[in-house]
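# Provided below are the primary sequence and the corresponding predicted coordinates.
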Amino acid sequence: MEWKELLNLMKAKKAKPDKSLYKHSLGAKERAEFLLGRIPHPGFLKDCLLLHVFLHDLGKLDDRFQEKLEGKRKKAPPHAFLGIELASRFLPCSEPYKTMALLSILTHHRDLHEGLYQDEMDKKEKLVVDGKVLSSPAEPAFDLREDAIDIEVFEEYGLSPLEVRALYTLFNGLLRVSDWLESANLPADIYYLDSGKRVRKAVLDYLSRRGFQPRDYQLYVLGRGGGYFRLPTGDGKTETSLLATPDGASKVVYSLPTITTTEAMRKRFEEVFGREGVSFAHSLLFLSLYYRGELDSKLLHRYAMRPIFISTIDQILLAFLNYPRFPVREFALRGAHWIIDEIHAYTPYTLSLILQGIEYATKHLGTKVTVMSATLPGPLAGELERLGLGELLPFSKVRNRYSSRGRVEVKVRDEGLLNAADEISAEKGKVLVVANTVSRAREIYRELREKRDDVYLFHSRFIQRDKRKKMELVEKIERGILVATQVVEVSLDIDYDVLYTEVAPIDALVQRFGRVNRRGLKSGKAHLFQPEGKRPYLPYDKRAYEEANSLLGELEGIESELELLRINDEFYERIWDRYEAEIGKPKITALARELGLMRQKQAEKILKTRDTFMSLPAVPRPFLSRAIELATKWDELSEEEKLKATVFVIEHTVNVPIWTLEEYKHFNEDLYERFGVFGVERDYDSEVGLKE
């Protein structure tokens, strides 16, 4: 078949009921060309990249696919498989790039795995056009799959496993994004920034609308990202990081530790950039979009299809761990400005993944990375510099921000929080009480509720419906007592008058201090109490807790936040060997060699269970029978009923510690298969959460 003959055939056949295959393919290619113009890529690969996008749907020429479009049949063999041999005839790319392009076509709807298209291979399915066999793809598809699983075929050309991976996510990410944009009739310019200047202007306009002028250090970083910097809480870290966005950045990708902080920041970003300019993602995206009436835009948000993308850090790390559709996740980082907020807030294992992800992204994806924290410890700054991230904002320019801040007067108390219940209840204004565990937070809450009505409780053991309401309440409290756990530590713009807290690692204490007298306009106080119980250090590492305890005496009498930084650095120097042990393990490199380009469905589980207290989603007893009923009758439900059922189960799910679940687990096969959750035979109360 000649090229002209192929084009005529593509014009005669349909890709969609209302669009020819040629028009769809050309539209995808045009979008791909726009996208390539905004990201770093090897120039010599441009023609190969664009041509493979144009040829990606040749399997739709098949008679069975055309009959399916016409409503004459329900199923047709997968077109990505059927078109692979025909596409190979028209790809003049040199090796190994031709193999990579064909692999991208083969996997543009299904991720690579060991059994990919095995049924079609066993049946020796053929590409049949107008009643004639045009191509026999089974054998070449098999060879391609096996070569891709054994990435040594690419290494023979001198490519390292990480270089192979980056090459694949360039081809496959470009193809999938271009295909999605064209299929949705969306222009390519919704995906990328037109300029970093637009980001900076939007931030400056936002500050102006709120009556603020940019500070000197914010003007200093204009367009200079990436790198790392320290800045006290309440001094505009977020705006400063955004102002650092360089002119050539393709996107802004903003990462945060938790769903709560991501949702809070999403609202702020939509004020800055407009709702249409922001996409966001976290593990409860479905529920967030349901509340917003935007379920149809799930892919648009999950895969960062807008210029500004904000998400929990796990959504980025999943890309590096070969989670399903990882090429699309990784493609969003190519040429982007990746901002990592609150980098101090992660366990050694997760931090090691973040650092290795930074190294991979800067080296292979052309990503500019900006890292920030109010309490960025010296040893971590050293690791960032080793990765090529310099000090974006010289500390000399913000030193006076720390030295002039004496926001809290610290008092160390050798007693438990409950002993101070009368004292706390007598406080006026806004009072923040932070316990290290949910059980102690509940206990303190109950004691205070007997003394006052304006006492509120916020922790992680509420069902999703109530957690959302609690978060809204936390943001609106004008007066009263908030009893909480670590959920209030990071990225929440809340401001209290006085803090009563249990002892925790120094960096966690500094973050808690940052929730008091946030603007530095009044005199704040922080009272530190000893946790009680058989293992008072929980949920923290025992050694970290003990080292923090040994430094408490230095916290009393501090006159500025500069002294807090010094104490925090000393704390990290004492425990840094725990981090070094994890940082030294080549996790992403090892995974690239072990899995190659294959998907890994267990990636999410790995992130949830490593060196942290494992928790799993479960439906508490009061809602369990209804959830099981919905799961059991699923096939009988209408589409609208299925949507409502899904919302009900997610809204009534709580994250339960594994040891609790092991003792009280209720396993129902339908519930687990349909929604991926367990039941937990424990009572629940909307006031205090999952009961002890």
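Now that the structure is in, tell me what you want to look at.
# all contacts plus neighbour counts: C-alpha atoms, from now on.
Fine.
# show me where pLDDT drops low in the chain?
Low-confidence segments of the chain, defined by pLDDT under 70, are located at 490-493, 518-522, 603-614.
# one more time with 80
152, 233-234, 405-407, 475, 489-494, 517-523, 601-615, 658, 692 (pLDDT under 80).
# pick out the residue closest to the middle of it.
residue 315 (2.7 Å; Cα atoms, centre = their mean).
# residue 384 and residue 390 touch, don't they?
Yes - under the criterion of Cα atoms under 8 Å, residue 384 makes contact with residue 390 at 7.3 Å.
# anything in contact with each of those two?
Here residue 384 and residue 390 have residue 228 as joint contacts, going by Cα atoms under 8 Å, 6 or more residues apart in numbering.
# what's stretch 477-492 in contact with?
By Cα under 8 Å, 6+ apart, stretch 477-492 touches 257, 260-261, 264-265, 342, 345, 425, 428-438, 441, 444-445, 454-460, 474, 508, 511-512, 515.
# which of those residues are buried? Put it as a ChimeraX command.
Buried residues among the contacts of stretch 477-492 (16 or more other Cα atoms under 10 Å), as a ChimeraX selection:
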select :257,260,261,264,265,342,345,425,430,431,432,433,434,435,436,437,438,441,444,445,455,456,457,458,459,460,474,508,511,512,515
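# returning to that earlier point: C-terminal to the helix or strand containing the residue nearest to the centre of the chain, what's the next element?
Residue 315 belongs to helix 313-320 when assigned by DSSP states H and E. The helix or strand immediately downstream of helix 313-320 is helix 326-331, counting by DSSP H and E.
# what residues does that next one touch?
Contacts to helix 326-331, defined as Cα under 8 Å, 6+ apart, come from residues 168-170, 172-174, 176-177, 303-304, 316, 318-320, 599.
# could you rerun that using 10 Å?
Residues outside helix 326-331 that contact it (Cα atoms under 10 Å, 6 or more residues apart in numbering): 39, 104, 108, 111, 165-177, 302-305, 315-320, 322-323, 361, 365, 597-600.
# how about it: buried residues?
In helix 326-331, counting by 16+ other Cα under 10 Å, buried: 326-331.
# list the helices and strands the helix or strand just after it packs on?
Under the assignment DSSP H and E, the closest C-terminal helix or strand after helix 326-331 is strand 337-341. Packing partners of strand 337-341 (3 or more Cα pairs under 10 Å, 6 or more residues apart in numbering; DSSP states H and E): strand 227-230, helix 237-243, strand 252-256, strand 308-312, helix 313-320, helix 348-364, strand 368-373.
# who are the packing partners of the last one?
Just to be clear, that refers to strand 368-373. strand 227-230, helix 237-243, strand 252-256, strand 337-341, helix 348-364, helix 378-386.
# one more time with 6 Å
Secondary-structure packing of strand 368-373 (3 or more Cα pairs under 6 Å, 6 or more residues apart in numbering; DSSP states H and E): strand 227-230, strand 337-341.
# got it, and the fourth one?
With contacts defined as 3+ Cα pairs under 6 Å, 6+ apart, the secondary structure elements packing on strand 308-312 are strand 252-256, strand 278-281.
# in JSON lines, list these along with mean neighbour count and distance to residue 564.
Output for these, formatted as JSON lines (neighbours: other Cα atoms under 10 Å; distance: least, Cα to Cα, whole Å):
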{"stretch": "strand 252-256", "mean neighbour count": "26", "distance to residue 564": "23"}
{"stretch": "strand 278-281", "mean neighbour count": "26", "distance to residue 564": "34"}
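# show me the one of those that comes nearest residue 63.
Set against residue 63 and scored by Cα to Cα, the helices and strands packed on strand 308-312 come closest in strand 278-281, at 38.5 Å.
# run me through the strand neighbours of that closest one, direction for each.
Partner strands for strand 278-281, per DSSP bridges, with pairing direction: strand 308-312 (parallel).
# what's the strand it pairs with in contact with?
252-258, 262, 278-282 (Cα atoms under 6 Å, 6 or more residues apart in numbering).
# as TSV, these with distance to residue 494 would be great.
Shown next, in TSV, are the contacts of strand 308-312 (distance: Cα to Cα, whole Å):
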residue	distance to residue 494
252	25
253	24
254	20
255	20
256	17
257	17
258	16
262	15
278	23
279	24
280	22
281	23
282	22
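# of those, closest to residue 645?
residue 282 (20.6 Å).
# contacting residues for that closest one?
Contacts of residue 282 (Cα under 6 Å, 6+ apart): 311-312.
# so which residues make contact with the helix holding residue 315?
255-257, 326, 329-330.
# which one of those residues is nearest residue 568?
Using Cα to Cα, residue 257 comes nearest to residue 568 of the contacts of helix 313-320, at 19.9 Å.
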